[in-house]
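1. Let me see the structure of the following:
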Amino acid sequence: MNKVMKTIYLLMMLLIVNTCVAFAQSDDKNAQVYNWQTLDIGPAEDYSYALDLNSIKYDRNEDGSINKNIIIYQEKKTNNISMSTEFNYYTITKCKLNIEQTSICFGDESFYTKKDKFRWTDTPLYLTWITVSRDSIGGMRFIQIVEYARAHDDILTSRS
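-> As a prediction, this is how the structure comes out:
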């Protein structure tokens with residue numbers, strides 16, 4: 001009976017080790033490489049914003065053609081309030097810009113700790129286009145992303 005218990009114990013330990021290795025490998029496969037470019041929103045702001053240059057692209061119409069009026073990208077928002085207990089936590093949000101309507105649509109927002117540990121993802125109950133004012137923080141971000149898209153049209157087109 002002692003040998004049977006040792007064998008069962010050994011098999012259970014191997015199962016646990018294999019499970020841990022499988023989870024570690026799946027995390028590596030899902031890891032995305034970001035290339036953040038800081039967006040200039042002016043002084044005295046509690047958050048900083050950055051655009052992921054690896055994710056920016058044009059949307060596609062229902063017929064499959066490229067729609068250069070809609071820009072898809074990911075945005076990183078970092079908490080810069082030093083008095084906050086959550087100092088330097090950040091979120092990564094999937095966004096779309098509509099150039100014609102001067103509007104933005106926010107999708108899933110993933111939260112991370114200041115040490116890059118994933119916390120959770122918020123998915124909006126519904127998606128809506130929000131009109132941005134050119135002199136607001138959203139407007140400043142909007143202008144910079146549209147300017148980047150126009151300057152790098154060939155890259156965005158190839159990713160779409």
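
2. Tell me where the protein has helices.
-> For the chain, the helices defined by DSSP state H cover 2-30, 137-151, 153-159.

3. Show me the shaky parts of this structure.
-> For the chain, the stretches flagged by pLDDT under 70 are 1, 3-31, 43-44, 84-86.

4. Show me the longest strand that occurs in it.
-> Across the chain, the longest stretch assigned as strand under DSSP state E is strand 66-79.

5. Which elements pack onto it?
-> Contacts defined by 3 or more C-beta pairs under 8 Å, 6 or more residues apart in numbering; DSSP states H and E place strand 66-79 against strand 47-52, strand 57-60, strand 90-98, helix 137-151, helix 153-159. C-beta: built from backbone N, CA, C; applies to glycine.

6. List the beta-bridge partners for residue 78.
-> On the basis of DSSP bridges, residue 78 is bridged to residue 48, residue 90.

7. separation between residue 131 and residue 55?
-> The spacing between residue 131 and residue 55, counted by C-beta to C-beta, to the nearest Å, is 23 Å.

8. Cheers, nothing more for now.
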